[in-house]
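Asks: what follows is a predicted structure for the sequence shown.
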Amino acid sequence: MRFVFLGPPGVGKGTQAARFSERHKLPHIATGDLLRVAIKEETSVGLKAKSFIENGRLVPDEVIIALMEDRIQAPDAKSGYILDGFPRTIAQAKALSEILTRNGVALDCVVYFSLDDETLMERIVGRRTCPDCHAIYHVSYHPPEKEGLCHCGGILFQRKDDVPETVAERLAVYKNETSPLITYYKNENILTEINADQSVDRIAENLQKMV
Ligand code: AMP
């Protein structure tokens, strides 16, 4: 099964993808996580991506497409995956389609998580992330058991791009560059929409029923 989880930053697709991945034993491939690891390890991709991420802009298509082409053809992704944060532009969607066609496979479903901007801002600004296992918390809605500490022992941090000014830029970039994918995948008849203004459990239940 090959899924794309699509939606604005902060909509909760990472949280849902992590759960869905565990339930269905599919790798959760999150471009944002891959890029943050690349930055930490100072790889050539990381060096190219750093300033774009910090400014809330998209990393150039060619960098992302090369990264994802390798990742989705890795042995653990042979029978499927959940793509979280990719594709984010029409050019990336077309490149993904070409890679899939070359491999004789296709996407099964694109799940579009929808939510209004005000709620998105609130969710992102309160988000805390684990640098070790990539778990996601929220200071009010999903606080860790011990303040500042992940269940794995990692020290939670606020992503540099989760501060309000950068979030506004990311939401604008989403509207201009990523939201056209909703129509793109609707036209391919593989889009399913989920209202993300519900609890994490309820969204997970709906997701389960839909796919
Ligand atoms: P995320 O963790 O999905 O919110 O991604 C964090 C940042 O990584 C984004 O704001 C972009 O700068 C970059 N990024 C992640 N995925 C992509 C993508 N598919 N195309 C371009 N940039 C990306």
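Replies: Sure, I can see it.

Asks: find the closest residue to the ligand in this structure.
Replies: Here the chain gets closest to the ligand at one residue, residue 32, 1.9 Å apart by C-beta to the nearest ligand atom. Yep, even glycine has a C-beta here, placed from its N, CA and C like the rest.

Asks: quick one: contacts for that residue?
Replies: 14, 53, 84, 85 (C-beta atoms under 8 Å, 6 or more residues apart in numbering).

Asks: if we go to 6 Å?
Replies: residue 85 (C-beta atoms under 6 Å, 6 or more residues apart in numbering).

Asks: quick check, pLDDT for it.
Replies: Residue 32 carries a pLDDT value of 93.

Asks: where does it fall, secondary structure wise?
Replies: According to DSSP states H and E, residue 32 maps onto helix 31-40.

Asks: any bit of the helix or strand that that helix is followed by sitting next to the ligand?
Replies: With elements assigned by DSSP H and E, the helix or strand that comes after helix 31-40 is helix 44-54. Yes. Helix 44-54 comes into contact with the ligand (C-beta under 6 Å from any ligand atom), by way of 52, 53.

Asks: helices and strands around helix 44-54, which ones?
Replies: helix 31-40 (3 or more C-beta pairs under 6 Å, 6 or more residues apart in numbering; DSSP states H and E).

Asks: all helices for this protein, in order.
Replies: 13-24, 31-40, 44-54, 61-72, 90-102, 117-125, 164-173, 180-187, 200-210 (DSSP state H).

Asks: buried residues, the shortest one. List them.
Replies: By neighbour count, and taking 16 or more other C-beta atoms under 10 Å as the criterion, the buried residues in helix 180-187 are 181, 182, 184, 185.

Asks: got it, and the third one?
Replies: Going by neighbour count (16+ other C-beta under 10 Å), the buried part of helix 44-54 is 45, 46, 48, 49, 50, 53.

Asks: who in the chain is up against the ligand?
Replies: Counting by C-beta under 6 Å from any ligand atom, the chain sits next to the ligand at 9, 31-32, 35, 52-53, 56-59, 64, 85-86, 88, 92, 161, 170.

Asks: below-threshold pLDDT in this structure: ranges please.
Replies: Regions of the chain meeting the criterion pLDDT under 70 are absent.

Asks: would you confirm that residue 13 contacts residue 114?
Replies: No. At 10.8 Å, residue 13 does not count as touching residue 114 under the criterion of C-beta atoms under 6 Å.
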